[in-house]
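Chemist: here is the input, now give the coordinates:
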Amino acid sequence: MERLAVDLARQQKAEGHQPSIYCTSHPGQFAHEAEAANVPVYSFGKTTGFSFRLISDLASRLCVDRPDVLHAHNALVLHYAVAAARLARVPVVVNTRHGGNNNWDPHCERIWRHAVRWIDSLVFVSEGVREFYVTRDRLSSRNTSVIYNGIDLEKFASHPAHPTAGVSKFRVGSVGRLVPAKDHITLIRSFAMVSAAMPEAELHILGDGPCRAAIAQTAESLGIANRVFLLGASLDVPGFLSTLDLFVLSSIDEGLPISLMEAMAAGLPVVSTRLPGLTELAPENVVAGYCTPTHPESLAEHILDAANRHDLPALGKAASRWAQKFAIRETWHSYQTVFEASLARKRRHRVDRIASRPNDLAAIRHGQ
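Modeler: From the prediction side, this is the model:
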């Protein structure tokens, strides 16, 4: 989500717009990229719990910046965005739901359901995510859109992977935060099965998070700690992906993961759990296989099948070609269409409201 926000802002800036990024708590690891592109980043130091001060600080900043659109990502910040935008008279508020279908706090979801009534447009990152929320929350599909996430394709095309099948030192990799939703424990268990058949195979995981200790302990208990490499967080994702033969996603809950797009853009074949948004992102004919979530046997079987496919390099090239549809430029243009349509509706509404109150309009002119 943070990666997308920064890449969108950079694309907006490149096309002559004036984006700013607001961070409710701290700037985050990508802030320097935005600032290097002359996109201002503001952080408001929010801690845990509800904050009236955040609403006030956001509204003050909005009164200075005077944006046409306030774009809120995910549920946790939407009520703050709605309140601050109304205080600062920002014309349009748009919200994007990125996923997280299984893990949100019910209290947060109730707040989001109330806040979403006050926005101008609701964007989902896949048809699967839209169907989930429209069905669960009985939302109207009116003023909703599906816009796939996008990436900076050039960063990955310039560092292509060279996947090779049938080699003993087969390198499997994954990128993502070490959190329960990514289910790295199942990935480790599956890799223990892979290692039994391919003793020199390696698993490399880029990312950090609260599950790191449990992941390392599981690898140790299964006797594969010397072949599992927990590399921590890094911004050099293109360099990391270029060293792999296969990308694996073991998640049990996703919206539309940018990590999967990046792997495909780098020319990597992919094995993933079968989740609604993922099958939209990468059809069966451009991935090495989809497995059952939480089933290490299924994941191991697909990894081993991929490791022995004679057409693995061709599959990587097909993934790279497919990833071209996820250029950040196209994602921004889709958002631009939503923003402009929302602004146009708001302007029409104001004109219609004034036209329906001719006496008030006359009184204003008389008073002037």
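
Chemist: following element in sequence after whichever strand or helix holds E262, please.
Modeler: Per DSSP states H and E: E262 is located in helix 258-265. On the C-terminal side of helix 258-265, the closest following helix or strand by DSSP H and E is strand 270-273.

Chemist: averaged pLDDT, stretch 26-45. What do you get?
Modeler: The pLDDT scores in stretch 26-45 average 93.

Chemist: list the buried residues of it.
Modeler: 28, 30-31, 33-34, 37, 39, 41-42, 44 (16 or more other Cβ atoms under 10 Å). Any C-beta I mention is one placed from the backbone N, CA and C, and that applies to glycine too.

Chemist: do the same with stretch 116-128
Modeler: So for stretch 116-128, counting by 16+ other Cβ under 10 Å, buried means 116, 119-126, 128.

Chemist: same deal with stretch 181-198?
Modeler: For stretch 181-198, by 16+ other Cβ under 10 Å, it's 181-195, 198.

Chemist: so which of these is the closest to T24?
Modeler: Nearest to T24 out of those is A181 (Cβ to Cβ; 20.9 Å).

Chemist: roughly how far apart are that closest one and E280?
Modeler: 18 Å (Cβ to Cβ, to the nearest Å).

Chemist: pLDDT weak spots in the chain?
Modeler: 100-104, 350-368 (pLDDT under 70).

Chemist: all strands for this protein, in order.
Modeler: 21-23, 41-43, 69-73, 92-97, 121-124, 144-146, 171-175, 202-206, 228-230, 246-249, 270-273, 289-291 (DSSP state E).

Chemist: which ones are touching the residue nearest to H114 when sequence neighbours are not counted?
Modeler: Once flanking residues are discounted, H114 sits nearest to H79: 7.5 Å by Cβ to Cβ, 6 or more residues apart in numbering. Counting by Cβ atoms under 8 Å, 6 or more residues apart in numbering, H79 makes contact with 111-112, 114-115.

Chemist: just these now: which is nearest S298?
Modeler: Out of the contacts of H79, the member with the shortest distance to S298 (by Cβ to Cβ) is W112, at 33.5 Å.

Chemist: what's around the nearest residue to that closest one once chain neighbours are set aside, how many residues?
Modeler: Nearest non-adjacent residue to W112, counting by Cβ to Cβ, 6+ apart: A75, 4.0 Å away. By other Cβ atoms under 10 Å, the residues close to A75 number 22.

Chemist: repeat that for the one 10 residues further on.
Modeler: Summarising burial for A85: neighbours were counted as other Cβ under 10 Å, giving 24.

Chemist: start the count at 31 instead of 1 going forward.
Modeler: That works, and once the first residue is 31, the last one we named lands at A115.

Chemist: surely it and V99 touch.
Modeler: No - contact criterion Cβ atoms under 8 Å: A115 and V99 do not qualify, at 9.4 Å.

Chemist: mutual contacts of these two, please.
Modeler: V123.

Chemist: wait, what's in contact with R378?
Modeler: No residues are in contact with R378 under the rule Cβ under 8 Å, 6+ apart.

Chemist: how near is the residue nearest to H144 to A243?
Modeler: Distance from H109 to A243, by Cβ to Cβ: 34 Å.

Chemist: got it, and H47?
Modeler: 43 Å.

Chemist: for V153, which non-adjacent residue is spatially closest?
Modeler: In space, and not counting its chain neighbours, V153 is closest to T126: 4.4 Å by Cβ to Cβ, 6+ apart.

Chemist: my bad, should have said P343
Modeler: That would be P193: by Cβ to Cβ, 6+ apart, it lies 5.7 Å from P343.

Chemist: repeat for L265
Modeler: Nearest to L265 is Q59, by Cβ to Cβ, 6+ apart, at 6.9 Å.

Chemist: residues contacting that neighbour?
Modeler: If you count contacts by Cβ under 8 Å, 6+ apart, then Q59 has 32, 263, 265 around it.

Chemist: buried only: go through these for me.
Modeler: Looking at these with 16+ other Cβ under 10 Å, the buried ones turn out to be E32.

Chemist: so the residue nearest to W142 sits right up against H137, yeah?
Modeler: No - assessed by Cβ under 8 Å, A105 is found out of contact with H137, at 10.9 Å.

Chemist: what comes up buried for the helix ranked longest in the chain?
Modeler: Longest helix in the chain, counting residues (DSSP state H): helix 358-385. Within helix 358-385, the residues scored as buried using 16+ other Cβ under 10 Å are 358, 361-362, 364-366, 368-369, 372.

Chemist: I'm done for today, thanks for sticking with me.
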